[in-house]
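# Just need the structure, nothing else, for what follows:
(2 chains)
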Number of protein chains: 2
Amino acid sequence: MRIGVLGGTGPAGQAVAVQFAGIGFEVVVGSRAMERAEETVAALAERWADRRLALVPGENDAAAGADLVVAATPWDGLLATLDPLADALAGKIVVSMANALTRFGKEMVPLLPPTGSVTVAVARAVPRSRVVGAFHHLPAGPWSDLDHPLDADVMVCSDDREARREVAELVDRLPGLRGVETGGLGSALAIEALTPALLEINRRYKTHAAIRVTGLP
Amino acid sequence: MRIGVLGGTGPAGQAVAVQFAGIGFEVVVGSRAMERAEETVAALAERWADRRLALVPGENDAAAGADLVVAATPWDGLLATLDPLADALAGKIVVSMANALTRFGKEMVPLLPPTGSVTVAVARAVPRSRVVGAFHHLPAGPWSDLDHPLDADVMVCSDDREARREVAELVDRLPGLRGVETGGLGSALAIEALTPALLEINRRYKTHAAIRVTGLP
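I've put the predicted structure just below:
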């Protein structure tokens, strides 16, 4: 299976790309500009030279041609990125990981799109795709370090239960992570809004907090 | 210190009342109807006869006379309950624990009040009180069982940092619980919305899921 990462040159996209390449997938690192994608792939290949990661640079439409596509574009450019790709993404699993948040005074707070969540906005932008929310709570910097796996649960939500299970099982294969199936797209509001709340915990305790769900079988 | 519980006869209120009484506080179990409060206190005293819980029945305004007040009234009656108590609650810590949620199709989803969260609505209803959000994720039934403590983190948010710390330290004293300071009232949206997401996890895995925050010092 080939994985495409839209916005693969940003911090979140790079983390996703190296993690999936690290477990053996071929990953298309997508960008609006081919040159940026090439630079990013060259830099990642150099950083992880001993790992022989199967990273391929491409424009976003090349990334959208993969079997499973992760939308790692920041929320404010996400819909504009997805709009022209709706046909290419039809029938495919599209993973939305963006959080809409902002600083308000000293606090990090969630921003609510008119759809209630970014993930629901994505589902409306690519209505023929199988949209799944995941990876919202992982800090991009630490998560991009293949030598130090995180230790965290990933809440995975989708109205498509098969797609949700597939992504949760994929998450289970990533080092240190566990996929937790967390309802339909109605849960995306909570999952996305929890990210600034975690940043507030980090600010208070000067740490990198993560979430574990207890009581699972 | 005396603790008052508004809506102390409901499942959430009873759980809060016995837990605080269980660690030695005198707790006023408040209700709109004195008779209901008396029945509830009699039933709890019988169930936990060996524990000698200091539970006192009262109308909600008697509960509002306590030193710290927990608003355990369900969200849809909460503002009407608080409105006439704003003077009595002035200067006091008022803990908001209600979640606004509903079933939508087969799914449990958050309901967003126009203030973004119930806790912010409470802060507006009792503007001279020190409003703190806490206890949102604890299942009322299991939490009311003094013989089987939960094992969970409690996210505590407030714009009043001293009040937040005080409530977090109070939570630390309750069996099995840990208070995690989680930002200002801007975090309440995420904390409240997470409750239906946890219910969705429960539905999927047939369990009672809880949240642990990892990485704290």
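# Show me what counts as buried in the longest helix along chain A.
The longest helix of chain A (DSSP state H) is helix A:188-205. Neighbour-count burial for helix A:188-205 flags A:188-202, A:204 (criterion: 16 or more other Cβ atoms under 10 Å in any protein chain shown). All C-beta spots, glycine's among them, are computed from the backbone N, C-alpha and C.
# That one and chain B, are they touching?
Yes: under the criterion of Cβ under 8 Å from any Cβ of the partner chain, helix A:188-205 makes contact with chain B via A:189-191, A:193-198, A:200-201, A:203-205.
# list the helices and strands that helix packs on?
The contact analysis (3 or more Cβ pairs under 8 Å, 6 or more residues apart in numbering or on different chains; DSSP states H and E) places helix A:188-205 against strand A:101-104, strand A:107-110, helix A:118-125, strand A:130-133, strand A:210-214, strand B:177-181, helix B:188-205.
# which outside residues touch the fifth one?
For strand A:210-214, the external contacting residues (Cβ atoms under 8 Å, 6 or more residues apart in numbering or on different chains) are A:137-138, A:150-153, A:155, A:180, A:194, A:198, B:151-152, B:198, B:201, B:209-215.
# Nearest residue to the middle of chain A?
A:M97 (3.7 Å; Cα atoms, centre = their mean).
# Compute the number of surrounding residues for the nearest residue to it once chain neighbours are set aside.
By the measure of Cβ to Cβ, 6 or more residues apart in numbering or on different chains, the closest residue to A:M97 outside its immediate chain neighbours is A:F135, 3.9 Å from it. Using other Cβ atoms under 10 Å in any protein chain shown, A:F135 is surrounded by 29 other residues.
# So for A:F135, what pLDDT did the model give?
Confidence at A:F135, expressed as pLDDT, is 98.
# mind checking which helix or strand it is in?
Assigned by DSSP states H and E, A:F135 falls within no helix or strand.
# residues contacting it?
By Cβ under 8 Å, 6+ apart, the neighbours of A:F135 are A:12, A:16, A:70, A:95, A:97, A:154, A:171.
# From B:R32, how far off is the spatially closest residue to the third one that is not a sequence neighbour?
Leaving out its chain neighbours, the residue that sits closest to A:V70 by Cβ to Cβ, 6+ apart is A:V95, at 4.5 Å. From A:V95 across to B:R32, the span is 48 Å (Cβ to Cβ, to the nearest Å).
# So for the two, which sits in the more crowded spot?
The neighbour comparison of A:V95 against B:R32 (other Cβ under 10 Å) goes to A:V95, with 27 against 15.
# Please identify which helix or strand holds the more buried one.
strand A:93-96.
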